[in-house]
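> quick one: sequence plus predicted model below, questions after.
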Amino acid sequence: MIRSLIFNFIYYPTTALLCFLYLPFLLTPRSWLCIMVELYVKIVHILEIYILKLDYEVRGAEHLPKDEAFIVAAKHQSSYETLKLHLLFKDPAIVMKKELFKIPIWGWYAKKMELIGIDRSSREKALSSVVDGAKMAADNKRPIVIFPQGTRVKIDATSADKPYKAGIMRMHKNSGLKVVPLALNSGVFWGRNAFIKKSGKVIFEFMPVLESGLSTQQGLAILEKQIEDKTNALVKESLEAGNKDE
């Protein structure tokens with residue numbers, strides 16, 4: 001409780017302050033803003049380590065394609081992993097709801113960073129925006145990060161509660177980019193909208209590239225099983241480790 005209070009007291013005001021201090025970078029080359037965003041997430045990571053005693057570990061990094069764009073299909077349990085994407089990847093193109101671009105200040109940064117906004121007003125527009133965004137990122141050899149369930153989910157929620165959406169496979173088929181599944185257990189330590197954070201180690205585990213040539217249904221089913229099974233195993237691993245420590 002005390003660690004969380006101290007962290008939140010520093011984290012939220014610092015984030016708000018930097019949002020305003022970074023405004024001039026909206027007028028500079030995009031690469032400058034990328035550097036400042038990376039600096040921001042590094043500052044947050046330092047605060048997490050020294051105040052919350054919360055760090056992370058990466059497994060399976062050898063599965064990430066080299067010198068080419070690719071798609072990361074990631075589990076989404078917490079704000080924690082969104083704050084690590086610029087540490088895990090170089091200049092990631094994150095897929096998000098287009099409506100988020102309308103948020104004052106934050107949305108301006110999202111546009112400047114050339115994140116991929118999905119227009120969900122119709123199925124056709126959603127597919128078009130995903131494909132166009134994938135092509136843009138591929139041309140610049142940027143990794144694309146998409147959350148197939150489309151939202152954050154609790155650690156005890158199943159894929160039946162929050163189904164996987166076919167957009168990830170459409171992006172794969174239309175762009176030809178490889179898909180790397182990513183499981184994680186961040187929700188154990190930093191729950192969805194949770195004020196209280198826990199100490200420990202978040203694990204990010206990349207799995208082998210999804211087989212190509214699969215139908216949309218086959219690919220989505222395999223992707224879902226891989227991510228869900230590994231995520232459940234990581235959550236169990238962390239909970240059991242926590243019980244031993246106690």
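Now that the structure is in, tell me what you want to look at. Residues are numbered from 1 along each chain as shown.
> what's the lowest-mean-pLDDT helix or strand in the chain packed up against?
The least trusted helix or strand in the chain, going by mean pLDDT, DSSP states H and E, turns out to be helix 123-139, with a mean of 76. Judged by 3 or more CB pairs under 8 Å, 6 or more residues apart in numbering; DSSP states H and E, the packing partners of helix 123-139 are strand 93-97, strand 116-118, strand 144-146, helix 167-175. For the C-beta atoms, the positions are set from N, CA and C on the backbone; glycine is no exception.
> contacts for the first one, please.
Contacting residues not belonging to strand 93-97 are listed as 82, 85, 110, 114-118, 120, 130, 133, 136-137, 142-147, 171 [CB atoms under 8 Å, 6 or more residues apart in numbering].
> what's the spacing between stretch 102-115 and its chain's center?
Mean C-alpha position of stretch 102-115 versus that of the full chain (CA atoms, centre = their mean, to the nearest Å) differs by 16 Å.
> one more: stretch 14-22?
For stretch 14-22, the distance to the chain centre is 21 Å (CA atoms, centre = their mean).
> dump that stretch to PDB, restricted to CA.
The C-alpha coordinates for stretch 14-22 follow below in PDB (Å, rounded to 0.1, in the frame of the first residue of the first chain):
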ATOM      1  CA  THR A  14       5.200  13.300 -13.600                       C
ATOM      2  CA  THR A  15       3.200  12.000 -16.600                       C
ATOM      3  CA  ALA A  16       0.900  15.000 -16.600                       C
ATOM      4  CA  LEU A  17       3.900  17.400 -16.400                       C
ATOM      5  CA  LEU A  18       5.800  15.700 -19.200                       C
ATOM      6  CA  CYS A  19       2.700  15.700 -21.400                       C
ATOM      7  CA  PHE A  20       2.900  19.500 -21.400                       C
ATOM      8  CA  LEU A  21       6.700  19.800 -21.500                       C
ATOM      9  CA  TYR A  22       6.800  17.500 -24.500                       C
END
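> hang on, the earlier thing: show me which of the contacts of strand 93-97 are buried.
82, 85, 110, 114-118, 130, 133, 137, 142-147, 171 (16 or more other CB atoms under 10 Å).
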